[in-house]
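Visitor: only geometry, no sequence info:
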């Protein structure tokens, strides 16, 4: 089956073609189920290939598709890589993607442009699979750009809304900034190694100077900062909530933003050889985690809370890969995909029922009316908060434990962020589902959604609880299946950088777990106290810390700072170029000048084209004499 | 009286040619008795496809040995050109099936002449002797002269025919004179014999002059400046289905013979003809592109564009290397698809009395017929050389061959020219996609299934070669050079 | 060497000069006594009548062309007939193919009405 892994990419593309071309003729119902069917087929291909990975020699297989182009020495083969990491990612992308597709059928049932929506959605899945299945950096880059383009299309799906169109543009442009660095990184790999194939690059990496590897990894990380929404390029992600909720769930929680983490994990050999870059990665991740969590504390838009929590959780993952805990980062990536997709879709379920009201100040008390949504949301929230024995608990704890070994300060940030996470998550839950309904009119129309939307929620809730079984803490002597599974991918780096055998003892492990569990419960209780028992506390606190509150509510003014620093000067420069340089110099002198002179010659040519045979024959004759004379006199 | 020994003739090599000629004769006869001209078109198509299959089956067999006392040779090179000629013929037949009926020109002679012209082209591709070159050339040309004038009730068509005929004869005279001089200098009309004599002996000015005049003759056929003047008038005046065919076929045939002749017979003078061809290439590209900019009529614009493309191909010829030959073959096949495609769309939009070919009449096409606009855009982008469509790779390989042959300056000129060309190709796309249709714009008649097949095949080829260029490159290399 | 061809160039120049001289000298030196019959078009010694630019039935062309074509074909039969015995069966078949192709053309012009005078 691994030989046919390309089918996983091909199936969604078939969906793109069918829905893209015949979508409107097929009808709304068909659109959705075609999209779901193709992703399901891709998932089946993924599962079958996944099961075969252990029996592959060295647990990896390169599946060549075709030689794309040869230009002298530059040969590019299109081939895919089947290995534990890529197959795990394939399962996450297609599996979570499948549930989101199903959910989208219900969510988009009022939209008039379903065919276009599912076309984009399928294209996105295909792009993401290209990204994870490529066996070289060029394919990774192609997928990288494709998901960027898809996110632009999907965020701006309701392009007639200015805010959506702007958010789409913002996502695209901010991502381009990161992509530029990424592209430079890929070029540097090409010039350094003369190949873009992962295996060749990684095998040769040990012989190259550390400075070059550091530069490469740093440039690649710039791309990851953009795609995985880290400081300072995270600004596109909260705005991206303008897209339909399934899009938020798919792109901005479960798949696209994980590309950066995947890329670093994939290039673990390079990062292991560049400790300086790794340090930067870890610090950026830790700071982002804390930074985003503080903003999430004061947001009132349910989806925005989730958006900032995504950034924060991505910070955890980046921190993990930064400290060299690649398997832990991937573990959190997987569990996060489960519970964050769940939370987004549950939030979308609320939004769908409340007719697009998403401001938590107008909701409240929905628990009774939407039991399934409520309970699944709570499960997701517990996993996000890292409540003991949920999936999020194990994965987050593994990261924290590994960070503890590496750097105590980063660990402190991580633990504190965990407290904040628990608080804002349950703040959102209490404000939305508990208490009294704040807007009677909205409350009136609330109803539970159809099974097509709730069933995926329930499945994801199950995964959010039991997903932790993939990676039980090895420190306690429990089997960590995921570590073993991913070992072939990460073992190569050990050839160059022997893993330090610092293992925390069982006692420390238990202590760390107890600490974070306590903080999580503390955070939940605090949220309950502040938002349900004594709601006045929240307002009082906000008033007494007015300056700080305002700073958080305005998201540290980052958008404004960017506007002032980059956007406005750029716009000014743009206006200058447009008005003065372009219209004045380029248009008048270069373009018009060129066009005029070329056009002039064109007219002269046309005038010579008299239509008289005699003139033409003269031309032939003269030409013949010139050529004849040239050859004769040589 | 001794019996004359009949030499081994190797009919197998000429079998594809015989099939095409035989089909042509059959069409001539059936045309007299059958009122349904469409069936003649399908019959011709069948013959063309059969010839292609038979030709490919010869690969590696006895059919690839020299035939008729070494005057003709079906080798990988000739076979590849046969594929180009036969695909051109097949697509043109499909285009004609729709076009001729709509403009009231449905005559069996079109198919018969097309097949005869194709056989002439095939003879040129296989020729290894100047005599066969001339026979093939005239078979092709005379058929094309008549085809240009197919619409005898239209003045431009008649004008195109007579112009093409008179000037073609004039050019043929130069060609023949060149052959005579070459024969005089070397004592042979056989390509390789000429080559060995010239390589062995001192440089004979007579042979040089012969080469010059041969070059003039071929430059006329491929429409290189300054022998290109007939092209716009003839391509514009002739019925579109005919233009479709000759804009690709005649050009490819000219290059087929020219390259074999230069590489086999005149390698001794390579330095000399390289420069001459490079200069021709520059003139041809530049004048073709510049003149195309000023055109207001899409059909005429495409005629100029075909001149420019002859210029690009000459760049590959000027490289005078195996790589150059490969790049030219590759380019010609791609050019066949994209150019036929573009002319086919022009044919679909054309009404009686040449209405519907003006640039402004393309306005709003994307709204009226999105499919047609899309394939047209595809062909135009490919002609521009937009990655990742086929045209891009074609240009890339040609330019690379030029650079590797130390003709970087030529490649630079060619790249600049492709930039200029983007202007006029894109202006059509702008009309189609960004301008509203005029109120009195003629209605678009639905295209026939045959035309749609042609468009689909050409469009798919342009896209697929764009995605998978490597496999075609391999095919060229393997097929031609073993 | 191009220099070897110098005599040819000289020949060309001399020929051109001769033609020019032959035209110019009589123009200035010869007596001029024009009369109607002298300045008339020379038509192989016959008296010309009417204008040359008049319409001729297209059939003349058709018949003339067809005659030429078939005439040439017939000429091709002569050398073949001379060595017919040496060519044996091969020659017969070859000529059969030739005649068959010719026949197609013949049938074509017949059916198209090129042989009808009206």
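Guide: Nice, thanks for sending it over. Values in this document were obtained by computation on a predicted structure and should not be read as measured data.

Visitor: How is chain C divided into domains?
Guide: Recorded structural domains for chain C (assignment: automatic domain parsing) are C:2-39, C:58-112.

Visitor: okay, these, which one's buried deepest?
Guide: Between the domains of chain C, the one whose residues have the most neighbours on average, counting mean count of other CB atoms under 10 Å in any protein chain shown, is domain C:58-112 (a mean of 12). Heads up, the C-betas are built off the backbone N, CA and C, glycines and all.

Visitor: ok, that one near chain B or not?
Guide: Yes: for domain C:58-112, a contact with chain B is found by CB under 8 Å from any CB of the partner chain, at C:83, C:85-88, C:90, C:101, C:104-105, C:107-108, C:111-112.

Visitor: would you turn those residues into JSON lines with pLDDT?
Guide: Conversion of the residues of domain C:58-112 next to chain B to JSON lines gives the following (pLDDT from 0 to 100):
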{"residue": "C:83", "pLDDT": "85"}
{"residue": "C:85", "pLDDT": "83"}
{"residue": "C:86", "pLDDT": "83"}
{"residue": "C:87", "pLDDT": "81"}
{"residue": "C:88", "pLDDT": "81"}
{"residue": "C:90", "pLDDT": "85"}
{"residue": "C:101", "pLDDT": "89"}
{"residue": "C:104", "pLDDT": "91"}
{"residue": "C:105", "pLDDT": "88"}
{"residue": "C:107", "pLDDT": "90"}
{"residue": "C:108", "pLDDT": "90"}
{"residue": "C:111", "pLDDT": "88"}
{"residue": "C:112", "pLDDT": "85"}
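
Visitor: what mean pLDDT does the longest helix along chain A have?
Guide: Looking only at chain A and at elements set by DSSP state H, the helix with the highest residue count is helix A:162-193. Regarding helix A:162-193, the rounded mean pLDDT is 83.

Visitor: Can you give the distance of it from its chain's centre?
Guide: Once both centres are worked out by CA atoms, centre = their mean, to the nearest Å, helix A:162-193 turns out to sit 13 Å from its chain's centre.

Visitor: same for it, what does it pack against?
Guide: helix A:137-155, helix A:198-204, helix A:210-227, helix A:236-239 (3 or more CB pairs under 8 Å, 6 or more residues apart in numbering or on different chains; DSSP states H and E).

Visitor: Swap in 10 Å and give it another go.
Guide: helix A:137-155, helix A:198-204, helix A:210-227, helix A:236-239, helix A:258-266, helix A:558-562 (3 or more CB pairs under 10 Å, 6 or more residues apart in numbering or on different chains; DSSP states H and E).

Visitor: any idea which element the nearest residue to residue A:354 once chain neighbours are set aside lies in?
Guide: Leaving aside its chain neighbours, residue A:354 sits nearest to residue A:442 (5.3 Å; criterion: CB to CB, 6 or more residues apart in numbering or on different chains). Assigning secondary structure by DSSP states H and E places residue A:442 in helix A:440-445.

Visitor: buried set for that helix?
Guide: Burial within helix A:440-445, assessed by neighbour count using 16 or more other CB atoms under 10 Å in any protein chain shown, is assigned to A:442, A:443.

Visitor: Figure out how far that helix is from the centre of its chain.
Guide: 35 Å.

Visitor: How about stretch A:117-134?
Guide: A distance of 12 Å separates the centroid of the chain from that of stretch A:117-134, by CA atoms, centre = their mean.

Visitor: Residue A:423 against residue A:309, yeah?
Guide: No: because the distance of 11.2 Å does not satisfy CB atoms under 10 Å, residue A:423 is recorded as not touching residue A:309.

Visitor: center of chain C - which residue?
Guide: Centroid-nearest residue in chain C, with CA atoms, centre = their mean: residue C:68, separated by 9.7 Å.

Visitor: leaving aside the residues next to it on the chain, what's closest to residue B:20?
Guide: With CB to CB, 6+ apart as the criterion, residue B:20 has its nearest non-adjacent residue at 4.6 Å, and that residue is residue B:119.

Visitor: and that neighbour, what does it touch?
Guide: Each residue near residue B:119 by CB atoms under 10 Å, 6 or more residues apart in numbering or on different chains is listed here: B:14, B:16-24, B:51, B:85, B:89, B:136, B:139-140, B:143.

Visitor: what's the answer for residue B:422, then?
Guide: Taking CB under 10 Å, 6+ apart as the definition of contact, the neighbours of residue B:422 are B:289, B:380, B:381, B:383, B:384, B:385, B:386.

Visitor: Then residue B:248?
Guide: Contacts of residue B:248 by CB under 10 Å, 6+ apart are B:84-85, B:87-89, B:91-92, B:306, B:309, B:332-333, B:335-340, B:343.
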